[in-house]
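**Student:** got a sequence here, can you build the structure:
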Amino acid sequence: EGEAVGDTMAGKGAKEQASAVAEGDLMEETVALVKEELLAGLTAAVDAGAGGDDAALVQQLRDVMQTVGMRLDKSRRLDQGDLACQLAQLCGRAKTNPVKGASLIVSVLEQTFEGRSEAAAKASLVRKVTSAGPYLNIWLNRPKVFQLVVETVLSKGTKYGETGAWKGKRVIVEHTSSNPNAPLHIGNLRNVMIGAHAANLIAKTGADVKQRFYVNDLGAQIGLTAFGYHRVYNLIKPTMKIDHWIGSMYAIMNTFVELQVVGVDLGKLEDACAEGEAAAEALREKVCAAAREAGDAKKEKGIEEYIGIFRELRDRDGYGELFRTLVGEMRSEKDIKKGGAELNLAYERQEAWAIEIFRKMVIDCLSGVQETLETYNVRHDAFDFESELGWEGSNTAFLDIMTKTSYFVPQTNCNDKGVPEG
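**Tutor:** Numbers count the residues shown, from 1 in each chain. Just a heads-up that it's a prediction; the model follows:
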């Protein structure tokens, strides 16, 4: 008879268990199935008259458990079982000592479980039950639990993990937001992965999720790159993926700026490099010697560093035509940094000619970035341009609001030039 009851429980676990788990929370449903097995075991014990002189108490405990229910919690120590049940309240309703109640339940369940067939034991979630004072400690059949998990995930497919917890909520996840004058680097891609996966997870809760890219299309770096891009775009064709080409352009233009800062003439440096190694070294030594004579060690270090970078970029594979064209366009520019800054300022002022230049470079670069994102199946719902926030007055309006709150602290520190910072 015990074997028949055990087989019945196992049969119930085969179909109804998978169905129940697939319909709700996996942990909660698994615990519910464990409770069913425990109650089924106690019912089998009652039907078999188990418990001897305490048979009536076994039935009473079973009835209380059916009426009130059991609370099963994850054990704090896995060496004492997977789940635990505190019996004090249940035994109080049955008017018996909880230690005695726990011991009695374990005793009759052991008899029931011992009567299971090998197949029934393998198909059951409960492997064994022990008592410790007023507690029941329940040991799960791990292979069966793992089987339920795998079957549940596979049966739900792409719908696994979906809930309605955040249904009706609207969520914006802003991610990637790399500078639009260079390709994505590994740090950007880390943010892509975190942001895109967060958006997918939140969407599974039922929320309306939008992924947005904040386009930082203002500032010295962007202005400097756009300054160079505008000058060469109609002269040569890109020799690499467009965002890589624009990133290369920024590296070259920034090197030109740094060389001008330390007083190196771009035209003369390029001519010396074109003449050969000896001429390039002679020029480097000449400008370094001038810095040493002036006692300017910082300037000499800058000269050494950026002449080295200039020569390395000049000879880098794939850079040749772009480098030569940029040098040709910039060698007569007395202040390249100022040229980029003026273009950026015109863009901030929403001047049409500057918008045409900036947006051409920014959109081209973003198209290359999107090509990279496609390889990870990442798509943004919207691109928000920093420039447009400035043009519509949102930045100013927000700052005006914040300066009137208790959270605003005026700038109190200045740098060595007297400009407020911090």
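**Student:** check which helix or strand covers residue 196.
**Tutor:** helix 186-203 (DSSP states H and E).
**Student:** what sits up against that helix?
**Tutor:** 161, 166, 171, 173-178, 184, 209, 211, 373, 376, 378 (CB atoms under 8 Å, 6 or more residues apart in numbering). C-beta coordinates here come from the backbone N, C-alpha and C atoms, glycine included.
**Student:** okay, buried residues for it please.
**Tutor:** Residues of helix 186-203 classed as buried: 188-189, 192, 195-196, 199, 202-203 (neighbour count, 16 or more other CB atoms under 10 Å).
**Student:** after that helix, next one along is what?
**Tutor:** strand 208-215.
**Student:** give me the mean pLDDT for that following strand.
**Tutor:** Taken as a whole, strand 208-215 has a mean pLDDT of 98.
**Student:** who does it touch, helix- and strand-wise?
**Tutor:** strand 170-174, helix 186-203, helix 352-374, strand 382-385 (3 or more CB pairs under 8 Å, 6 or more residues apart in numbering; DSSP states H and E).
**Student:** and the next helix or strand after it, how far out from the chain's middle?
**Tutor:** Per DSSP H and E, the first helix or strand lying C-terminal to strand 208-215 is helix 220-232. On the basis of CA atoms, centre = their mean, to the nearest Å, helix 220-232 sits 32 Å off its chain's mean C-alpha point.
**Student:** do the same with stretch 274-294
**Tutor:** 49 Å.
**Student:** reformat the buried residues of helix 186-203 as a markdown table; add pLDDT.
**Tutor:** Listed next are these as a markdown table, based on pLDDT from 0 to 100:
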| residue | pLDDT |
| --- | --- |
| 188 | 94 |
| 189 | 94 |
| 192 | 97 |
| 195 | 97 |
| 196 | 97 |
| 199 | 97 |
| 202 | 96 |
| 203 | 96 |
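**Student:** so where's the chain uncertain?
**Tutor:** Applying pLDDT under 70 to the chain flags the ranges 1-24, 422.
**Student:** could you rerun that using 90?
**Tutor:** Along the chain, segments meeting pLDDT under 90 span 1-30, 50-52, 68-70, 76-80, 113-117, 149, 152-153, 156-163, 395-396, 406-422.
**Student:** ok, the spatially most central residue of it to residue 200 distance?
**Tutor:** Nearest to the geometric centre of the chain sits residue 194, at 1.3 Å (CA atoms, centre = their mean). Separation of residue 194 from residue 200 (CB to CB, to the nearest Å): 11 Å.
**Student:** residue 136: which element?
**Tutor:** Per DSSP H and E: strand 135-140 holds residue 136.
**Student:** secondary structure class for the residue located most distally from the centre of the chain?
**Tutor:** Largest separation from the mean C-alpha position in the chain: residue 53, at 61.4 Å (CA atoms, centre = their mean). Under the three-state scheme (DSSP: H, G, I helix; E, B strand; the rest coil), residue 53 adopts helix.
**Student:** next: residue 84.
**Tutor:** Strictly by three-state DSSP, residue 84 counts as strand.
**Student:** also residue 395?
**Tutor:** Criterion first, three-state DSSP; result for residue 395: helix.
**Student:** just give the closest residue to it, not the sequence neighbours.
**Tutor:** residue 389 (5.3 Å; CB to CB, 6 or more residues apart in numbering).
**Student:** who are the packing partners of the helix or strand that neighbour falls within?
**Tutor:** Applying DSSP H and E as the criterion places residue 389 in helix 386-391. With contacts taken as 3+ CB pairs under 8 Å, 6+ apart, helix 386-391 sits against helix 336-348.
**Student:** other residues contacting the helix or strand encompassing residue 300?
**Tutor:** Counting by DSSP H and E, the element that carries residue 300 is helix 297-315. With CB under 8 Å, 6+ apart as the contact definition, helix 297-315 has outside contacts at 251-252, 255, 258-259, 261-264, 269-270, 273, 280, 283-284, 287-288, 291-292, 319-320, 323.
**Student:** one more pass at 7 Å, please.
**Tutor:** 251-252, 255, 258-259, 262, 264, 269, 273, 280, 284, 287-288, 291-292, 319, 323 (CB atoms under 7 Å, 6 or more residues apart in numbering).
**Student:** buried residues of whichever strand or helix holds residue 67, list them for me.
**Tutor:** Taking DSSP H and E as the criterion, residue 67 maps to helix 55-68. By 16+ other CB under 10 Å, the buried positions in helix 55-68 come out as 55, 57-62, 64-65.
**Student:** after the stretch of helix or strand residue 258 belongs to comes which helix or strand?
**Tutor:** Per DSSP H and E, residue 258 falls inside helix 242-261. Next helix or strand after helix 242-261 toward the C-terminus (DSSP H and E): helix 266-275.
**Student:** helices and strands around that following helix, which ones?
**Tutor:** Contacts defined by 3 or more CB pairs under 7 Å, 6 or more residues apart in numbering; DSSP states H and E place helix 266-275 against helix 242-261, helix 277-293, helix 297-315, helix 320-330.
**Student:** using a markdown table, please lay out the helices and strands packed on strand 208-215 together with distance to residue 101.
**Tutor:** A markdown table is the format used below for these (distance: least, CB to CB, whole Å):
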| stretch | distance to residue 101 |
| --- | --- |
| strand 170-174 | 49 |
| helix 186-203 | 43 |
| helix 352-374 | 61 |
| strand 382-385 | 62 |
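**Student:** which of those sits closest to residue 155?
**Tutor:** When those are compared by CB to CB, helix 186-203 sits nearest residue 155, at 20.0 Å.
**Student:** only C-alpha atoms, please: export that closest one in CSV.
**Tutor:** This file holds the C-alpha atoms of helix 186-203, laid out as CSV (Å, rounded to 0.1, in the frame of the first residue of the first chain):
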residue,chain,number,x,y,z
ILE,A,186,36.0,48.2,-24.4
GLY,A,187,34.7,50.5,-21.6
ASN,A,188,31.8,51.7,-23.8
LEU,A,189,31.0,48.1,-24.7
ARG,A,190,30.8,47.3,-21.0
ASN,A,191,28.1,50.0,-20.6
VAL,A,192,26.4,48.7,-23.7
MET,A,193,26.1,45.2,-22.2
ILE,A,194,25.0,46.4,-18.8
GLY,A,195,22.4,48.9,-20.3
ALA,A,196,21.0,46.7,-23.0
HIS,A,197,20.6,43.7,-20.6
ALA,A,198,19.1,45.9,-17.9
ALA,A,199,16.6,47.1,-20.4
ASN,A,200,15.7,43.6,-21.5
LEU,A,201,15.3,42.4,-17.9
ILE,A,202,13.1,45.4,-16.9
ALA,A,203,11.0,44.8,-20.0
